[in-house]
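Participant: My questions concern the predicted model and sequence given below.
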Number of protein chains: 2
Amino acid sequence: MEKLNSLKNLFVHEIQDLYSAELQLTKALPKVAAKATSPELKNAVEEHLAQTEEHVSRLEQVFHLLGEEPTELTCKAMKGLIKEAKDILKEEASPETRDAAIIAAAQKVEHYEIASYGTVAKWADVIGRNDIKQLLGQTLDEEEKADRRLSELAEAGINQRAAAYRAEEKELTE
Amino acid sequence: MEKLNSLKNLFVHEIQDLYSAELQLTKALPKVAAKATSPELKNAVEEHLAQTEEHVSRLEQVFHLLGEEPTELTCKAMKGLIKEAKDILKEEASPETRDAAIIAAAQKVEHYEIASYGTVAKWADVIGRNDIKQLLGQTLDEEEKADRRLSELAEAGINQRAAAYRAEEKELTE
């Protein structure tokens, strides 16, 4: 690959990593949605899948504005995040606990993206590409909103139900 | 492993994952500090290493409070994050660009931890373990502070220097 001797090169490198990350997500999210029990959670994951497809095409616009071909640079971090999520979804679990696990895994993914988009939006500014900064900033906002929605779902009942399930089970066995 | 049929089991699972993540970091951070050029950045990474060791012992306290042995469950996400950081540090890069790349990688790591500690602190509350919630909340605060400090370092000059390096180089070749 090209030497990282400028912020512009590093910026392109990071966009290629994000492009890979988002494409990996478009494949993983339908499997996650299928494992969710709470209709609200299933809905949130499905809506996020639609948004993720939008994020992919926004990155393609960024490549275009940079005069580059859309290229993936395998995002190893996202690979690890998805592997971890798949592992936990394979475990035998109560539906309530699985929903809590899905939220935890999804928030880790959101935070990866918040950190990445936060970085590239700042770099776009420094290299004087306000047009690109606007596009990346839009996605950053959506990732932050998705993260808050997941927190709300957890606090609005999923965590409580996961804990209550155990309490009921204990009552039955006592 | 034990079935994830309760939030308590899922909680222990997540603490084991975090324990592995923090231990991986204690090994990786000295290599990152060695690659940093800016003295402020080197200093920030070294101080964060000391904090990470503190986070490890806080997690050991959590295990103790749960009546469990400290056990690692390989954190594949952190493995991916560290691999990605190592890959980028192997590239030929100007010192200024490498510093910007280190900040980007470190903020992704911080965000992974912010998401994880945010989740386990909430779960500790739901399962009625305020003592554990306090410990996890302390670490969460420190991770958030570390993330903000990295943003400040980037904005206080590292990004600008990475971009300026290119500008100077262009002047020389034009």
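Facilitator: Arrived safely, thanks for sending.

Participant: same for the strand or helix carrying A:Leu10, what does it pack against?
Facilitator: Following DSSP states H and E, one finds A:Leu10 within helix A:7-35. Judged by 3 or more CB pairs under 8 Å, 6 or more residues apart in numbering or on different chains; DSSP states H and E, helix A:7-35 is in contact with helix A:39-66, helix A:76-90, helix A:95-126, helix B:95-126, helix B:159-173. Any C-beta I mention is one placed from the backbone N, CA and C, and that applies to glycine too.

Participant: By mean pLDDT, show me the worst of those.
Facilitator: Ranked by mean pLDDT, these end with helix B:159-173 at the bottom, a mean of 60.

Participant: neighbouring contacts of stretch A:81-90?
Facilitator: A:24-25, A:28, A:31-32, A:35, A:98, A:101-102, A:105-106, A:108-109, A:112, B:4, B:13, B:17, B:75-77, B:80 (CB atoms under 8 Å, 6 or more residues apart in numbering or on different chains).

Participant: Please name the residues that touch A:Glu60.
Facilitator: A:Tyr19, A:Pro70.

Participant: which residues sit in contact with the nearest residue to A:Lys133 once chain neighbours are set aside?
Facilitator: Excluding its sequence neighbours, the residue lying closest to A:Lys133 (CB to CB, 6 or more residues apart in numbering or on different chains) is A:Ala124, at 3.9 Å. With contact set as CB under 8 Å, 6+ apart, A:Ala124 has these partners: A:Phe11, A:Asn130, A:Ile132, A:Lys133, A:Leu136.

Participant: Count the neighbours of the closest residue to chain B within chain A for me.
Facilitator: Proximity of chain A to chain B (CB to the nearest CB) peaks at A:Gly80, 2.4 Å away. Neighbourhood size, A:Gly80 [other CB atoms under 10 Å in any protein chain shown]: 23.

Participant: for A:His64, same thing?
Facilitator: A:His64 has 11 neighbours, counted by other CB under 10 Å.

Participant: show me what contacts A:Tyr112?
Facilitator: A:Ala21, A:Ala77, A:Met78, A:Leu81, B:Lys108, B:His111, B:Tyr112.

Participant: what about 7 Å?
Facilitator: By CB atoms under 7 Å, 6 or more residues apart in numbering or on different chains, the residues touching A:Tyr112 are A:Ala77, A:Met78, A:Leu81, B:Lys108, B:His111, B:Tyr112.

Participant: out of these, which are buried?
Facilitator: Among the contacts of A:Tyr112, those classed as buried by neighbour count (16 or more other CB atoms under 10 Å in any protein chain shown) are A:Ala77, A:Met78, A:Leu81, B:Lys108, B:His111, B:Tyr112.

Participant: Now tabulate the residues you listed in JSON lines and tack on distance to A:Ala162.
Facilitator: Output for the buried ones among the contacts of A:Tyr112, formatted as JSON lines (distance: CB to CB, whole Å):
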{"residue": "A:Ala77", "distance to A:Ala162": "27"}
{"residue": "A:Met78", "distance to A:Ala162": "26"}
{"residue": "A:Leu81", "distance to A:Ala162": "21"}
{"residue": "B:Lys108", "distance to A:Ala162": "28"}
{"residue": "B:His111", "distance to A:Ala162": "24"}
{"residue": "B:Tyr112", "distance to A:Ala162": "22"}
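
Participant: Which one of the residues you listed is nearest to A:Glu144?
Facilitator: Nearest to A:Glu144 among the buried ones among the contacts of A:Tyr112, counting by CB to CB, is B:His111 at 11.4 Å.

Participant: any idea how far A:Ala33 is from the closest one?
Facilitator: Separation of B:His111 from A:Ala33 (CB to CB, to the nearest Å): 23 Å.

Participant: How about A:Ile15?
Facilitator: For A:Ile15, the distance to A:Ala33 - CB to CB - is 27 Å.

Participant: Would you point out the most distant pair within the buried ones among the contacts of A:Tyr112?
Facilitator: The most widely separated members of those, counting by CB to CB, are A:Met78 and B:His111 (12.7 Å).

Participant: on that earlier part again, report the rounded mean pLDDT for the helix holding A:Leu10.
Facilitator: Averaging pLDDT along helix A:7-35 yields 96.
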